[in-house]
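1. sharing a model that was predicted from the sequence below.
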Amino acid sequence: MHDLEKIFSLDGRVAVVTGAASGIGQSIAEVLGVAGASVVAADFDLDGAETTAASIQAAGGKAVAQQVDVSNREQVNTMIERATGEWGGLDILCNIAGVASDGPLAELTEDEYERVMGIHVKGALFACQAAVAPMSARGGGSIINMASGAIDLAVPNYGLYAVSKAAVAQLTQNLAVEFGPHGIRVNVLAPGATLTNFTQRHLKNPDGSINQEKFDGFVTSMKSMSPLGLYGEPQDQAWLVLYLASDASRFCTGQIWRANGGSTIPH
Ligand SMILES: NC(=O)c1ccc[n+]([C@@H]2O[C@H](COP(=O)([O-])OP(=O)(O)OC[C@H]3O[C@@H](n4cnc5c(N)ncnc54)[C@H](O)[C@@H]3O)[C@@H](O)[C@H]2O)c1
């Protein structure tokens, strides 16, 4: 019989997850931790990263928190060194940190362009570069980058966000070709609308509380995009990442993975 527990186990593996303080990154860090990986929960928001690390520890796993601005190469290198320093190597890297960017391309400023491309594209590139040596030293590894369903549909006012995520998808494919000979697999997620702090930015009252009417309207519109009538939850991406991080996906690299409720099926 196939040993399911063994193939999906991450016992003895070391993982770095960026964006681990909130939403999808938090869920990924927790699932990898439960699966046995030692996790560096990295985020700009150190308090949030510490909360995630504590929840992994409370569940019996191993985790530390690391503050990082992923657009800063030095800080990214320090983040990867934290993993090798704490646990002697690196097997899994999840580049999940990301930001929203709203507005028409015609009015885009150079500062906003640099900010968003810096976090999404430089962030993923710098971390992948820093991961090559420690992963190669272990005979390989698995990298999971974060794009978005925005790479499939041109939605007004999401232009820069979509362009930056399309760049991450292409970066992933090029890195998969370059890193393959080192045994390193590189894949990218393109999730559908998922309820997190990120998507709730338009649903808040001036005092920061959720506007129930807007929230209900948003949930209805998210559900209507999926033939299943579902909207995404962070764990929908985390279970996919568990597969991509584990040996079960050893034949998969350079692919765009769309856990999106079928929302981008042309119909
Ligand atoms: N929520 C969705 O519907 C959705 C859909 C597709 C793709 N995504 C992508 O998924 C990723 C996670 O989004 P989420 O919905 O969980 O959002 P979120 O806002 O809940 O989490 C994003 C995290 O990234 C961190 N972060 C932002 N800038 C950073 C930086 N420079 N350095 C380090 N950390 C930084 C934030 O502090 C935050 O903890 C993002 O890349 C987003 O673009 C989200």
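-> Ah, there it is. In this text the structure is predicted, and so the values were computed from the model without any measurement.
2. low pLDDT regions in this protein?
-> Low-confidence segments of the chain, defined by pLDDT under 70: 1.
3. would you map the helices across it?
-> 4-8, 23-34, 46-58, 73-87, 110-117, 123-137, 159-179, 212-224, 234-245 (DSSP state H).
4. tell me the bridge partners for the spatially closest residue to Leu32 that is not a sequence neighbour.
-> Among residues not flanking Leu32 along the chain, Ala15 sits closest, at 4.8 Å (Cβ to Cβ, 6 or more residues apart in numbering). The C-beta positions use only the backbone N, C-alpha and C, and glycine is treated the same way. Note on Ala15: beta-bridge partners Val39, Ile92, judged by DSSP bridges.
5. for Ala15, give its distance to Ile143.
-> Using Cβ to Cβ, to the nearest Å, Ala15 is found at 11 Å from Ile143.
6. quick revisit: and the helices of the chain: which comes nearest His267?
-> Ranking these by their distance to His267 (criterion: Cβ to Cβ) puts helix 212-224 first, at 13.0 Å.
7. residues in contact with the closest one: which ones?
-> 192-193, 195, 199-200, 202-203, 229-232 (Cβ atoms under 8 Å, 6 or more residues apart in numbering).
8. change it to 6 Å
-> Residues outside helix 212-224 that contact it (Cβ atoms under 6 Å, 6 or more residues apart in numbering) are 193, 203, 229, 231.
9. residue contacts, the residue nearest the centre of the chain?
-> Taking Cα atoms, centre = their mean, the centroid of the chain lies closest to Ile96, which sits 2.3 Å from it. Taking Cβ under 6 Å, 6+ apart, we find Ile96 in contact with 18-19, 24-25, 146.
10. the residues you listed also near the ligand: which ones?
-> 18-19, 24-25, 146 (Cβ under 6 Å from any ligand atom).
11. got the residues of this protein near the ligand?
-> Counting by Cβ under 6 Å from any ligand atom, the chain sits next to the ligand at 18-19, 21-25, 43-45, 48, 68-71, 96-99, 119, 146, 148-149, 191, 193-194, 196-199.
12. weed out the non-buried ones from those residues.
-> Neighbour counting with 16 or more other Cβ atoms under 10 Å marks 18-19, 21-25, 43-45, 48, 68-71, 96-99, 119, 146, 148-149, 191, 193-194, 196, 199 as buried within those.
13. on that earlier part again, ok, which pair from the contacts of Ile96 is furthest apart?
-> Thr18 and Ile24 (10.9 Å).
14. ok, Ser263 - contacts?
-> Counted by Cβ under 6 Å, 6+ apart, Ser263 has contacts 192, 225-226.
15. quick check, nearest of the contacts of Ile96 to Asn157?
-> Met146 (20.2 Å).
16. pairing partners for that closest one in the sheet, please.
-> Assigned bridge partners for Met146, using DSSP bridges, are Leu189.
17. hmm, it is touching Leu189, no?
-> Yes - using Cβ atoms under 6 Å, Met146 is in contact with Leu189, at 5.4 Å.
18. what number of residues lie near Met106?
-> Careful, residue 106 is Ala; it's not Met. When neighbours are defined as other Cβ atoms under 10 Å, Ala106 has 6 of them.
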